[in-house]
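[1] sequence unknown, structure follows:
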């Protein structure tokens, strides 16, 4: 019974950590005003030019969040600076 509790607690901590980072890795990708950001379509084009297949894209917490498939077929969530399209993190 104790093993199950430890495993459940570990799983809960891992899920909480993933959730905390899912919102733009816990920090904004830029401090620039929204008027200087690229459109979501422009961000998607920049990422696709790097070989990713974008499945979903959104702007959240001053960060572009793009749900993609990489060249090897793996799912990758990318966090992108909305002013440049530069990848600043991934999960």
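    Structure's in. What do you need? What you are looking at is a predicted structure, and each value in this text was computed from that prediction instead of being measured. Numbers count the residues shown, from 1 in each chain.

[2] got any ranges where this structure has weak pLDDT?
    1-25 (pLDDT under 70).

[3] could you list every residue that touches residue 82?
    Contacts for residue 82 (Cβ atoms under 8 Å, 6 or more residues apart in numbering) come out as 29, 30, 32, 37, 38, 43, 59, 62, 63, 64. In this view, the C-beta of every residue, glycine as well, is placed from N, C-alpha and C.

[4] if you set the cut-off to 6 Å instead, what comes out?
    30, 37, 38, 64 (Cβ atoms under 6 Å, 6 or more residues apart in numbering).

[5] ok, for the last one, nearest residue in space, not its chain neighbours?
    Spelled out, that is residue 64. residue 80 (3.6 Å; Cβ to Cβ, 6 or more residues apart in numbering).

[6] Could you report the neighbour count for the closest residue to residue 86 other than its chain neighbours?
    The shortest distance from residue 86 to any residue other than its chain neighbours is 6.8 Å, reached at residue 80 (Cβ to Cβ, 6+ apart). When neighbours are counted by other Cβ atoms under 10 Å, residue 80 registers 26.

[7] do the one 5 residues further on as well
    Other residues near residue 85 number 18, with proximity taken as other Cβ under 10 Å.

[8] Next, work out how far apart it and residue 64 are.
    For residue 85, the distance to residue 64 equals 8 Å [Cβ to Cβ, to the nearest Å].

[9] where do the contact lists of those two overlap?
    Common neighbours of residue 85 and residue 64 (Cβ under 6 Å, 6+ apart) are residue 43.

[10] Who are the packing partners of the helix or strand hosting residue 56?
    Residue 56 is part of strand 53-60 when elements are defined by DSSP states H and E. Applying 3 or more Cβ pairs under 6 Å, 6 or more residues apart in numbering; DSSP states H and E, we find strand 53-60 packed against helix 40-48, strand 63-69.
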